[in-house]
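Asker: Dropping the sequence and predicted coords here.
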Amino acid sequence: MKRWIQLNTVTKYRVLAMLTPLILLAALACEGIEAELVRGILQNVDTVNGEITITTNDGKTITLHIDTAAGVETASAGSTLPSSFQTLEPGTSVEVELDDDGRGVRGIVARLAQAKGTVVAIEGDEVTIESSRGQQATVQVTERTRIRLEDNFPGQLADLTLGSEVKIKFDPVTRVAFKIDTEDEEAKIEGSIVEAVADAVTVETKQGRSLTLAIGDRTRVELGHGLPGTYADLRVGDQVEVKFDPFTRTAYKIEVEEQESKIKGVIAQLEGDQVTIDTEQGRSLTLAVGDQTRVEFSDDFPGTYDDLLVGHEVEVRFDPVALTAYKIEVEDQESKIEGVIAELEDDQVTINTERGRSLTLAVGHQTRVELADDFPGTYEDLQVGDRVEARFDPVARAAFRIEVKD
């Protein structure tokens with residue numbers, strides 16, 4: 001029994017002696033494989049000298065030589081594509097395969113994704129952008145993230161604002177951004193006005209995010225139909241699109257979206273700067289008329305509030321929130337008379353027809369006078385005895401056009 005144990009012990013030592021070199025070789029082989037790969041963050045790319053600097057995952061900073069023969073690939077969205085040394089960006093997560101001496105680069109795989117769109121949220125160190133197709137991407141901003149503003153000016157997270165157009169390069173695995181470029185100095189936000197006080201306006205988007213912008217002397221305000229406005233025309237609840245400087249947060253242009261309603265009927269009352277319209281269905285609506293209200297007669301001839309009369313059939317476009325008329329279009333209520341001028345007195349013309357009918361019409365600055373051969377004329381060119389054809393408003397008995405026949 002003891003002899004067997006001794007033999008067994010001797011055998012074990014012999015076996016151990018035989019295995020030890022193999023174990024050491026395996027360990028060295030494993031150590032060599034581990035040494036061939038370096039993972040970390042790319043800190044600098046020197047294309048002139050052909051060098052890259054990497055901060056490894058264990059905190060070491062190393063500089064490696066890379067030549068044009070080294071393979072460079074970019075991994076993104078589940079696929080790997082061939083790339084080049086010149087396209088590498090500082091901040092990229094990389095996996096570097098070293099050459100045999102451990103000083104040069106045999107190949108690089110860079111994790112890189114890109115997104116372009118509008119900043120729609122900034123919460124803590126996270127930035128969310130939305131593409132033109134409505135797709136959203138959220139990335140994390142760290143101390144290593146490079147932010148470039150207009151003219152390649154360096155910036156920081158605080159310089160980004162809602163509405164900024166940006167292009168982001170980031171790690172598709174960790175979602176950490178290594179570069180954020182602002183597209184231009186103009187940003188845009190759409191939403192409703194929730195506050196308008198002291199030369200500033202606060203806009204809230206559909207997503208519930210709000211932004212306060214300054215209003216300056218150069219800020220343009222456009223109301224419905226492209227009509228010019230001022231800061232005083234802005235109201236809480238207005239739907240607006242605002243273009244602004246993301247750095248000074250000053251609005252360039254505030255465009256009020258058309259919140260337009262329409263009513264068609266007869267003018268029932270004109271009082272002060274208000275017009276009351278009665279519809280065929282018995283509905284009555286009173287609207288304010290201001291300096292920006294456009295009045296149009298037949299043939300798109302421009303008019304004013306003073307030209308409107310009770311009884312005019314009109315189509316009115318208006319703001320349903322402010323109950324202010326944008327445009328009052330007087331329907332064609334045109335009658336025609338042919339005859340001979342019997343009298344000219346006090347900007348009025350009296351015309352007698354062949355059937356003995358007589359009608360006196362007012363002649364104003366909107367009345368067009370046409371002489372022979374369509375030659376333009378004025379009220380002073382008319383003479384008693386002229387044969388004319390007059391088109392007029394039967395309600396106001398005002399002539400739109402007087403054409404002198406040959």
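Answerer: Alright, I've got the coordinates. Numbers count the residues shown, from 1 in each chain.
Asker: Let me know the distance separating Ser164 from Ile189.
Answerer: Counting by Cβ to Cβ, to the nearest Å, the gap between Ser164 and Ile189 amounts to 10 Å. Where you see a C-beta, it was placed from the backbone N, CA and C, and this is true even at glycine.
Asker: Is Glu380 in a helix, a strand, or coil?
Answerer: In the three-state summary, Glu380 is assigned as helix, counting by DSSP: H, G, I helix; E, B strand; the rest coil.
Asker: which residues of the stretch 51-200 of the chain score low on pLDDT?
Answerer: Within the stretch 51-200 of the chain, the set of residues satisfying pLDDT under 70 comprises 68-69, 76-81, 83-86, 150-152, 183-186.
Asker: in a strand, that's where Ala177 is, yeah?
Answerer: Yes. According to three-state DSSP, Ala177 belongs to a strand.
Asker: ok, how many other residues are close to it?
Answerer: Applying other Cβ atoms under 10 Å, we find 28 other residues in the vicinity of Ala177.
Asker: does it really touch Gln140, like I thought?
Answerer: Yes. Ala177 is in contact with Gln140 according to Cβ atoms under 8 Å; the separation is 6.5 Å.
Asker: Look through this structure and tell me its longest strand.
Answerer: Across the chain, the strand with the greatest residue count (assigned by DSSP state E) is strand 136-148.
Asker: Check the offset of that strand from the chain's centre.
Answerer: Remark: strand 136-148 is offset 22 Å from the chain centroid, using Cα atoms, centre = their mean, to the nearest Å.
Asker: Kindly point out the strands partnered with it and how each is oriented relative to it.
Answerer: Strands that pair with strand 136-148, judged by DSSP bridges, come out as strand 126-130 (antiparallel), strand 154-155 (antiparallel), strand 176-182 (parallel).
Asker: so how far is the last one from its chain's centroid?
Answerer: From the chain centre to the centre of strand 176-182 is a distance of 21 Å (Cα atoms, centre = their mean).
Asker: Check the first one too.
Answerer: Its chain's C-alpha centre lies 16 Å from the corresponding centre of strand 126-130 when counted by Cα atoms, centre = their mean.
Asker: May I see the buried residues of it?
Answerer: Residues of strand 126-130 classed as buried: 127-130 (neighbour count, 16 or more other Cβ atoms under 10 Å).
Asker: which one of those residues is nearest Pro172?
Answerer: Relative to Pro172, the closest of the buried residues of strand 126-130 is Ile129; by Cβ to Cβ it sits at 14.8 Å.
Asker: Surely the closest one and Ala115 touch.
Answerer: Yes. Taking Cβ under 8 Å as the definition, Ile129 is a contact partner of Ala115 at 6.0 Å.
Asker: Can you check which residues contact both of these two?
Answerer: Residues touching both Ile129 and Ala115 (Cβ atoms under 8 Å, 6 or more residues apart in numbering): 137, 168.
Asker: Identify whichever of the strands paired with strand 136-148 lies nearest to Ala325.
Answerer: Among these, the nearest to Ala325 by Cβ to Cβ is strand 126-130 (36.9 Å).
Asker: which residues touch that closest one?
Answerer: Here strand 126-130 makes contact (Cβ under 8 Å, 6+ apart) with 115-122, 136-141, 157, 160, 166, 168, 177, 180.
Asker: which among the residues you listed end up buried?
Answerer: Members of the contacts of strand 126-130 that pass the buried threshold by neighbour count (16+ other Cβ under 10 Å) are listed as 115, 117-122, 137, 139, 141, 157, 160, 166, 168, 177, 180.
Asker: Where does the closest residue to Ile277 other than its chain neighbours fall, secondary structure wise?
Answerer: The shortest distance from Ile277 to any residue that is not its chain neighbour, by Cβ to Cβ, 6 or more residues apart in numbering, is 4.5 Å, and that residue is Gly265. Using DSSP states H and E, Gly265 sits in strand 261-271.
Asker: In its sheet, which strands sit next to that strand, and in what direction?
Answerer: Each strand that strand 261-271 pairs with, and the sense of that pairing, follows from DSSP bridges: strand 274-278 (antiparallel), strand 313-319 (antiparallel).
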